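**Student:** just a sequence and a predicted model for now, questions to come.
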Amino acid sequence: MSSSADFPWADFLSRTIADFHCTTGTLHRLDPSDKHLKLVAHQGIPEALMPIIQSIPVGKGIAGVAAERQEPVEMCNLQTDTSGVAKPGAKQTQVQGTLAVPVLDGTRLCGTLGIGKLEPYDFTAEEKERLIQIARGIAPELLPG
């Protein structure tokens, strides 16, 4: 098994985004020392958001809530969402339909995987389950040290 640093995360994320016909995506690894999700790979994220998404506290934002709940978090239209889950800066992505899932090794949280579309979209139960399975498949590589 290769070390996590050697794993082609950008290629993995790009393939996953394409597989779901999405335009944006992020992959974060849990840092157990500070309970923050640290950015591993990204695609289609505006430069202005990079400082914000480099380190996300568990429980904050879409990825953080997916990590905290250990279940998928979806928004049909991030641009009009009023739930308070998405942070105001997230709207800068221009993404509308979003889905974030925890990366779990059994019950151990390893990180989060998120994808997004530029139009409003409700992900199906099958799509959610497929993304969860993809996330589970990478958990051994993403495991925090």
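**Tutor:** Cool, got the structure.

**Student:** the nearest residue to Ile132 once chain neighbours are set aside: what's it in contact with?
**Tutor:** The shortest distance from Ile132 to any non-neighbouring residue, by Cβ to Cβ, 6 or more residues apart in numbering, is to Val101 (5.1 Å). Bear in mind the C-beta positions are built from the backbone N, C-alpha and C, glycine included. Contacts for Val101 (Cβ atoms under 8 Å, 6 or more residues apart in numbering) come out as Ala66, Glu71, Pro72, Val73, Thr112, Leu113, Gly114, Lys128, Leu131, Ile132, Ala135.

**Student:** so where is the chain shaky, pLDDT-wise?
**Tutor:** For the chain, the stretches with pLDDT under 70 are 1-6, 75-95, 144-145.

**Student:** and the helices in it?
**Tutor:** 9-19, 50-53, 61-69, 125-142 (DSSP state H).

**Student:** of those helices, flag the one that's most buried.
**Tutor:** helix 61-69 (a mean of 23; mean count of other Cβ atoms under 10 Å).

**Student:** which neighbouring elements make contact with that one?
**Tutor:** strand 24-31, strand 36-43, strand 55-57, strand 73-75, strand 98-105, strand 108-116 (3 or more Cβ pairs under 8 Å, 6 or more residues apart in numbering; DSSP states H and E).

**Student:** now the ones you listed in a markdown table, with distance to Ile17?
**Tutor:** Converted to a markdown table, the helices and strands packed on helix 61-69 look like this (distance: least, Cβ to Cβ, whole Å):
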| stretch | distance to Ile17 |
| --- | --- |
| strand 24-31 | 4 |
| strand 36-43 | 6 |
| strand 55-57 | 19 |
| strand 73-75 | 16 |
| strand 98-105 | 11 |
| strand 108-116 | 6 |
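
**Student:** closest to Leu13 among the contacts of Val101?
**Tutor:** Checking the contacts of Val101 against Leu13 by Cβ to Cβ gives Leu113 as the nearest, at 7.9 Å.
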